[in-house]
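Undergrad: Any chance you could fold what I've pasted below:
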Amino acid sequence: MEDHLPPRLLEACVIMGATTDKLKEAYQNHQQGNTAVSPVLEAEVLQVHVPPFALKDKAAECVGPAAFSRVQRRRSFIKKMERPVVAPGHSPGGEETTQDISVPKDIDLGGLPQLCFPGGLTVWSEPKEPCFHFLVFTDVFGNQTHGVVLQYCRPVQLFQDSTLQQNGTKVSRLYTTYGVCVISKYPYYNALRDCLSCLLSQLKNCRITDVDQRVKEFSAKLALVPIPPPGDLHVVFSLSPLVIVLPSREDKHYPVVDLDLHLPFLCFQTRELLQIITALLAERRIVFFSSDWARLTVMAECFMLYIHPLHWQHPLVPTLSHQMLDFVMAPTAFLMGCHLSHFEEVSAETDDLILVNIDDGTVSSSSSELTDLPAVPLAATECFRTRRRGLQLHFDLEVSQQGTNTTLNELRAHRRTWQQRLNWEIQNITLELIVNIFRGLADHLNYEHRVFNSKEFLKSREPSDQPFYKEVLESHIFHSFLKDRLNRKMDAYTRMEQSSRSEAEKVKVMIDTLRRPTMKEMGRRSSNYENCVNKRLGTSLPNLREEQHLSILRQTSVTEPPLKIRQKHVKQFKLPDFHPHLSYQYVQDYYADLVSLLGKAISFTPRESSSLLARYYYLRGVVNTMCGRRLDALSDFQNLNHTDVEIFPAALVRALVDSLQQEEQAQVERRPELKRLVCRVRSSESEETAVQPTDDHVKKFEMPKTHMPLEDFVTHVQESGIVRDVSTIHRLFEALSVGARKEVDPDTFCDFYTFWKGMEAEAQDVNLPTEVIEQLDNNECVYKLSCSVKTSYGVGKIAMTQKRLFLLTDGRRGFVDITKFRDIVEVKISSAQFVVLRIPSLRIKSSLKKETFEANLKSECDLWSLMIKEMWAGRKMADDHKDPQHMQQALTNVLLMDTVVGCLQPQKGILAASKLAYYDRMKHEVPMTVPKTTSETLKHKINPSLHMPSQQTVDVLLYTPGQLGKSDVDGDGNPKLWCALSHGRVVLFDAASWSMQQNCIQVGVLPVSCMLGLDQEQVWIGSQDSTIYIINTRRMSCHKQLTEHRSEVTDLVLEDTQDTFSPTLAYSCSLDGMVIVWDVSTLKMKRQFHLSCHKLTSLQLYNRTLWCCAQDCIMELRKTGLVQRKICLLQDPTNPPSPFNGFIVYLEREQIWTSCANSSELCVWHSDNLEKPSQRITLPDCAGVTCMLKVKNQIWVGCRSLSESPGQAVGKIFVVDVAQAVVEKELLAHTDSVQALCSAEDRYVLSGSACLDGKIAIWKVE
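TA: Next up, the predicted model:
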């Protein structure tokens, strides 16, 4: 149970020093004149203070549960370890003294004294100044505990007071050092050092007999301090004479930062900083040295934060005492710290150590020079170097023009503000370094099969940077980081990587690019390379020269633009002052005061500040838990779950629920909101027990070793990253498979893969003259280049881009435009006379040119003919259907053809390549003409399943308007299109450019039923799992949940109120007939009611009435839930009635429009007569209506209809004129049923279809 204790500052406080017998022996030696060398004493634990410090009496203890008290497991918490003076191996009276000393289970008291006195414990003839240092304890599971140690001197008074004068001679005093170690689970190094500084001021002035009580009171106070949750709320408390601040974590993925992160920047130059970071990423054996013990842990912890989100997974012992020096002989990777005096000894004993001298700012190796330590990639290094120069690292320069603070706490507050801002800048700079090092990593990940293609990633790096990556990619630290990337973890790394992408990278994300340099990129580098063009692309593996190899980092460097750093707005919450005597009653009074202060903070916080409210609820829930108010704590955590689910302490709440007594459980049953929370906690616990652990393995791409049937072939091609689309892979399998068994030989696959990657590599080397680049569009790429051939336009190489064919003439290397694919009229193979031979030639007729282009392509003629015809057909399909992905797919087919021909025998290769000519075959076999009305109304089509192996059903669409004046750091302010796909996956598009911005926002695992945009910062998403997920549009993550429904949430609507003083209300309904009214600002239920109907599917609000649609009826209700009128299903004696599936209330015309799932009719009801429809509108060739939408004076109706192919549905959209009640347009753009419709400011209508099509069509509204 103690694993789920409320988070508090103090775990234990331990006092260490020499025992009385050791001090007496040292004193006697001193009296006898043995003072040449200060004696080294053995430090021992003298006292241990562990919470709880104030307990009820035993009678009271027996009544209440002890779920959050350690008293039943640890009977004695504060015991002074006083050993009698006995000879070694003897005990007085023949009995051995034993005591019950209880400490947290992950703290080893045996080794603690050595760490608290790493330089040894001695007696002194002169007092020493107090000093501090820091400790890190790591258990076998990698969990860390942190300690701050105060060493202070006191005179050895126990033996000297009566003997200060001997024979008239004054005897000199002796001094010894005591250590006070405060242990916490959280790395609050600065805060705990400040706390110990306050304790030191008391210990200096108190008597030796009062030390125990002072330390106990000090420990008891720290045990009352709760830890702030992740976010922007810091906890502040007073500990005379200082004000102590506990900063919160940035988010739940980031550790606490309570260090001066700029200290390594003061000790090391850029080269040395990057060498240490490299040693960490490469998992070397690293030893820090310093003459100051405090610097060792501070430096180690700073570097741990520098490499975040990569986590060090090896031994971390920043402070080694002289007895522990043999630890550096360990064969595994580690980071340890020693005193500088041991530098020579350590470096001589062990080879291959990275030796970091903090005092001198140097990095060296124990075996040789640092020649084997690879350098950080150059582009990332230069960016980091530039950022470092912009840092202001000196506080004195910051305050040089300001007045002097008149109080200590004012000066500390000023310094703290400066330090926090500097820490935030350094965190962003080091995070940017990690992002730049691993930029482009996502291009080599296959998320479905969890594969990382390390070889191709290495090839994309600069040759000079490859030694670095070869070492880092094999490390455990990178492997763990890779798991997070494959899990699509949305952390600070992901957000920065996405926000700092270049325009070229954004385009790659949009269109699933085939990795070719655009003309814009080629133009940037043309001045740096010789103006030459390689031979035909893809003929063999490239023999690349190092100076011509281009990396992604070179093309997408982020060194030029300034780093966008979001300003942090931090709020502080001050704890009440501690009571002077911390008895049980005083502790309870302190908790009561703290709960009262938090209650006031909650009441004065505006509801719009939901993030701050969540932090207050969290703290109050923790405090109520600490003082045993379980029901109050559950109530706070229930409010927290509504406000910010990201910081919901699930383990703590589960333990709290398990600790409820019978009387408390009875009270829970009487409080519906607590009952729901308890039920959800218990059900989630049972689900976690039943669910199998997720597979988070990471595979490296490897070539197949056996013959592959279709299923295995699909897997290997997807893992290779060549193609994702399953249908394309099936066609490729037909092209490459041989024999009756239809399998692909592993050697054939290897040749195919090698040839494909060879073409990609050679494409990076293509350089065109500036005059040619200027003739092409910025986003055009050269995908195919022929040998030098004779043409009707002269001798040269034919080049193919995604838009056109052009001739790169020999000699002066000019540009001659052949044709764009959309302008082609005819492509055919003929023959040209050459002396006595007939040479195959390719003839291309363009609609814009009178003459026909002819090229003597010889053996390449058949391949070029196939490729050009495929591109021509793909271009026509893309233009007719306003869908650019058809052109992208045709381009993929062409490159696959080229690869297949290259890796197979010529004739066999042409036959195989012809099987990949998908669009050309469709053009001849199934000519598809787009109706004129559809072509005129259709504006564009986009594919939300672009990065998935197969098309997904578009379940719901939502358009949210743009935001004027939004800062660059927060976002671009453009309107957005939210698209919900299968299995709870939401894709986000920029509705200004229709480019994909987020390809995976996960909300549960079941399909989404509805979406609602409430304001500029949140979107509500209803799911079939009965949960309403609330998305923070700034962070693009789910931070709140509403879980009051017990069935599928089917619709969400927002009340349109003109009263600015009234709360904004939202309505939600679920399939079981439940309707809940929500206060949007507080996320609390205002009321709920249940409707007696069969499967409630949708809601609409008009004026003061609520309309609800179920499968068996449509009801008009008051807002209280009272049914006023009802439309029932029409009874047909010949056929069973089709259930309602949609309706539109059109009160301006006093009409209600209804549709049925299996009917081809729309019924129009007059609002004064709901007995029977006044009009019926028949939709031609419609098998059932799926959705309806009102836009201006039109009703858009999404349907499914049967195609000519048996059993296959086709999606149709009918546009109905409301005034005439007739079908105005019939639109056909989907090859599967239309599933969703939404309006974009009444200018466009967007339609989404089922998985056989899976596209989104954008229609103009007239």
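
Undergrad: Could you measure from D955 over to I1021?
TA: Per C-beta to C-beta, to the nearest Å, D955 is found 10 Å from I1021. C-beta here means a position set from N, CA and C on the backbone, and glycine is covered the same way.

Undergrad: If you could redo that for W1078, that was the one I meant.
TA: Counting by C-beta to C-beta, the separation of W1078 from I1021 is 14 Å.

Undergrad: ditto for G1184
TA: For G1184, the distance to I1021 (C-beta to C-beta) stands at 26 Å.

Undergrad: between those two, which one's more packed in?
TA: A side-by-side neighbour count of G1184 and I1021, using other C-beta atoms under 10 Å, places I1021 first with 27 against 18.

Undergrad: Which stretches in the stretch 1001-1150 of the chain count as strands?
TA: 1008-1015, 1018-1023, 1028-1032, 1037-1042, 1049-1054, 1065-1070, 1074-1079, 1084-1090, 1096-1102, 1105-1110, 1113-1118, 1123-1128, 1140-1146 (DSSP state E, counting those that start in this stretch).

Undergrad: Show me which residues of the third one are buried.
TA: Which is strand 1028-1032. I1028, Y1029, I1030, I1031, N1032 (16 or more other C-beta atoms under 10 Å).

Undergrad: I'd like to know which elements that strand is packed against.
TA: strand 1018-1023, strand 1037-1042 (3 or more C-beta pairs under 8 Å, 6 or more residues apart in numbering; DSSP states H and E).

Undergrad: mind giving me TSV with those and columns for mean pLDDT?
TA: Formatted as TSV, the helices and strands packed on strand 1028-1032 follow (pLDDT from 0 to 100):
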stretch	mean pLDDT
strand 1018-1023	92
strand 1037-1042	83
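
Undergrad: Nearest to F334 among those strands would be which one?
TA: strand 1037-1042 (35.4 Å; C-beta to C-beta).

Undergrad: That closest one to strand 1049-1054, inter-axis angle?
TA: 100 degrees (axes from the mean of the first three to the mean of the last three C-alpha atoms, to 10 degrees).

Undergrad: Only the buried residues of strand 1037-1042, if you could.
TA: Buried-residue list, strand 1037-1042, by 16+ other C-beta under 10 Å: C1038, H1039, K1040, Q1041, L1042.

Undergrad: biggest separation within those residues, which pair?
TA: H1039 and L1042 (12.2 Å).

Undergrad: Between the two, which contacts overlap?
TA: Residues touching both H1039 and L1042 by C-beta atoms under 8 Å, 6 or more residues apart in numbering: I1030.

Undergrad: List the residues that contact the spatially most central residue of the chain.
TA: Centroid-nearest residue in the chain, with C-alpha atoms, centre = their mean: M490, separated by 1.1 Å. By C-beta under 8 Å, 6+ apart, the contact set of M490 is R1035, M1036, S1037.

Undergrad: Out of the helices and strands packed on strand 1028-1032, which gets nearest to V901?
TA: Per C-beta to C-beta, nearest to V901 of these: strand 1037-1042, 46.8 Å.

Undergrad: Point out the other helices and strands that the closest one packs with.
TA: Short answer (3+ C-beta pairs under 8 Å, 6+ apart): strand 1037-1042 packs on helix 630-643, strand 995-1002, strand 1028-1032.

Undergrad: can you list contacts of it?
TA: The list of residues contacting strand 1037-1042 from outside it, by C-beta under 8 Å, 6+ apart, reads 490, 610, 641-646, 1001-1003, 1018, 1020, 1027-1032, 1068, 1078, 1083.

Undergrad: What's the ChimeraX syntax to select whichever of those are buried?
TA: Only the buried entries of these go into this ChimeraX selection, using 16+ other C-beta under 10 Å:
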select :490,610,641,642,643,644,645,646,1001,1003,1018,1020,1027,1028,1029,1030,1031,1032,1068,1078,1083
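
Undergrad: Thank you, goodbye.
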